[in-house]
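Student: build me a model from this:
(chains A and B)
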Protein chains: 2
Amino acid sequence: MKIGILGTGRIAKQLGQRWAETGYHLYFGSRTPQKAQELAISISQSARGGSYEEAAAYGDIILLAFPWSAAKDILTQCGNPEGKTVIDCINPLGDDWKSLSFGFTSSAAEEIAKLLPSAHVVKAFNTISDKVIKNGPQFNAQPSTAFYCGDDEDAKKQVAKLISDIGFEPIDCGELKNARYLEPMACLFINIACQGLGSDIAFKLLQRQND
Amino acid sequence: MKIGILGTGRIAKQLGQRWAETGYHLYFGSRTPQKAQELAISISQSARGGSYEEAAAYGDIILLAFPWSAAKDILTQCGNPEGKTVIDCINPLGDDWKSLSFGFTSSAAEEIAKLLPSAHVVKAFNTISDKVIKNGPQFNAQPSTAFYCGDDEDAKKQVAKLISDIGFEPIDCGELKNARYLEPMACLFINIACQGLGSDIAFKLLQRQND
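Tutor: Here you go, the predicted model:
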């Protein structure tokens, strides 16, 4: 399975690292292809880097890991990835970096789905910090949860596998518009982290029947 | 410590049960005082029941546990509880019972704080199901988390104690307006429950340093 990762920031780097370790083939995309190539080299011998367009064309699955402000520009460059699974981990944060710039009547995930009408958008990884991906999904032998939602069942299954392959517990949150609840959850995460706990914390869904 | 519980629904009943077991004195309030009296008798010999106004006057701490649609009416009946801690566990659900009727630019908690300007409103218990309170906060020896937020530090300390006294783990989520993130989290809970897991599930915040 080939993954195109659009972005070279901390989440792009940490998810890429984990997926590379698990055997996925990666292509990083950046506005500055050299930056993507350097990141690819630092992660794995088989990983490659180039433009956003190249990364999007390469991936069977595409991870969007750039700031919300760049979304329209980048996605316009990438055409419409017909039938591909697109993972959106973007939180449309406001200028204070701890609130959302929009929500309630829509979500970043839904806006992205409008921009990519032939792709299958799945919201995922937006409530998990890069620090947790780096330090590991397990907290005291308890896997933390990666919540995801989307409208295409096959795409959701692919994403659930990408989640569990790197040690997180996938939890299906229903249809794509439930990103309206997952994006605020990221703000909750940020605000809790700011209370002094830092970002090496994670949400878990506890289930009685797993006892 | 005396707690006035406004409402006789499932959350009112389950939290009342737990607090009574821990030694708190309770007064339930209802539009139908007899209903509140019957609930009080079923819970504890020392618990009492009556009108909303009586319950609000009785409590050092007041729990609001009625539907959002009744909030304005009930709170107008109760006057302005000067300096008291008011716990708001209300989710302003829409007609489908799995989305919010408003949010993003405000929250039920903030609207309640406007209606009760002399009280100290704390948002809490809105992401926890009555089933979890009933069956117990521990999942496989892991306490589930009760997230709370508010603008008054002393009121928040009181609520944190009410949370930990019944076995949940209190997590401070900052200022009251962060209820804008806690209320959507309740919808996330409902939507996950509807995926087939049911409501005997709970969120936990995992912390690395507790390993």
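
Student: any idea of the pLDDT on residue A:80?
Tutor: Per-residue pLDDT puts residue A:80 at 84.

Student: that one: what's it in contact with?
Tutor: Neighbouring residues of residue A:80 by C-beta atoms under 8 Å, 6 or more residues apart in numbering or on different chains: A:116-119. (Glycine included, C-beta is placed from N, CA and C.)

Student: how about those residues in CSV, adding secondary structure?
Tutor: Converted to CSV, the contacts of residue A:80 look like this (DSSP: H, G, I helix; E, B strand; the rest coil):
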residue, secondary structure
A:116, coil
A:117, coil
A:118, coil
A:119, coil
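
Student: which SS state does the residue nearest to residue A:104 when sequence neighbours are not counted fall under?
Tutor: Nearest in space to residue A:104, with sequence neighbours left out and distances taken as C-beta to C-beta, 6 or more residues apart in numbering or on different chains, is residue B:104 at 3.7 Å. Under three-state DSSP, the three-state class of residue B:104 is coil.

Student: now for residue B:104, how many residues are close by?
Tutor: 17 (other C-beta atoms under 10 Å in any protein chain shown).

Student: residue A:79 now?
Tutor: Neighbours of residue A:79 using other C-beta under 10 Å come to 12.

Student: using the three-state scheme, assign it.
Tutor: Applying three-state DSSP: residue A:79 is coil.

Student: for it, phi and psi?
Tutor: Backbone dihedrals for residue A:79, given as degrees, to the nearest 10, come out at phi 70, psi -160.

Student: what does residue A:84 give?
Tutor: phi -80, psi 160.

Student: could you do residue A:81 as well?
Tutor: Dihedral angles for residue A:81 - degrees, to the nearest 10 - are phi -70, psi 90.

Student: that one and residue A:120 touch, don't they?
Tutor: No: if you go by C-beta atoms under 8 Å, residue A:81 and residue A:120 don't touch, sitting 9.3 Å apart.

Student: and the helices in chain A?
Tutor: Applying DSSP state H to chain A gives helices spanning A:10-21, A:33-43, A:52-58, A:71-77, A:108-115, A:130-135, A:153-165, A:179-192.

Student: and of the ones you listed, who's closest to residue B:152?
Tutor: helix A:179-192 (16.9 Å; C-beta to C-beta).

Student: next one: that closest one to chain centre, how far?
Tutor: Centre-to-centre, helix A:179-192 and its host chain are 14 Å apart (C-alpha atoms, centre = their mean, to the nearest Å).

Student: tell me which other helices or strands that helix touches.
Tutor: The contact analysis (3 or more C-beta pairs under 8 Å, 6 or more residues apart in numbering or on different chains; DSSP states H and E) places helix A:179-192 against helix A:108-115, strand A:120-124, strand A:145-150, strand A:201-207, strand B:145-150, helix B:179-192.

Student: try 7 Å this time
Tutor: With contacts taken as 3 or more C-beta pairs under 7 Å, 6 or more residues apart in numbering or on different chains; DSSP states H and E, helix A:179-192 sits against helix A:108-115, strand A:145-150, helix B:179-192.

Student: let's have the ones you listed in JSON lines, adding distance to residue B:141.
Tutor: Shown next, in JSON lines, are the helices and strands packed on helix A:179-192 (distance: least, C-beta to C-beta, whole Å):
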{"stretch": "helix A:108-115", "distance to residue B:141": "35"}
{"stretch": "strand A:145-150", "distance to residue B:141": "18"}
{"stretch": "helix B:179-192", "distance to residue B:141": "22"}
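
Student: list the contacts of residue A:112.
Tutor: A:64, A:71, A:75, A:88, A:121 (C-beta atoms under 7 Å, 6 or more residues apart in numbering or on different chains).

Student: I should have written residue A:145 there, sorry.
Tutor: With C-beta under 7 Å, 6+ apart, residue A:145 has these contacts: A:168-169, A:171, A:203-205.

Student: for it, which residues make a bridge with it?
Tutor: Counting by DSSP bridges, residue A:145 forms beta bridges with residue A:169.

Student: how far away is the residue nearest in space to the middle of chain A from residue A:186?
Tutor: Taking C-alpha atoms, centre = their mean, the centroid of chain A lies closest to residue A:89, which sits 3.2 Å from it. Separation of residue A:89 from residue A:186 (C-beta to C-beta, to the nearest Å): 9 Å.

Student: list residues touching both of those two?
Tutor: In contact with both residue A:89 and residue A:186: residue A:126, using C-beta under 7 Å, 6+ apart.

Student: with distance to residue B:195 and mean pLDDT as extra columns, can I get the helices of chain A in CSV?
Tutor: CSV is the format used below for the helices of chain A (distance: least, C-beta to C-beta, whole Å; pLDDT from 0 to 100):
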stretch, distance to residue B:195, mean pLDDT
helix A:10-21, 24, 98
helix A:33-43, 34, 98
helix A:52-58, 30, 97
helix A:71-77, 28, 95
helix A:108-115, 17, 98
helix A:130-135, 23, 98
helix A:153-165, 11, 98
helix A:179-192, 13, 98
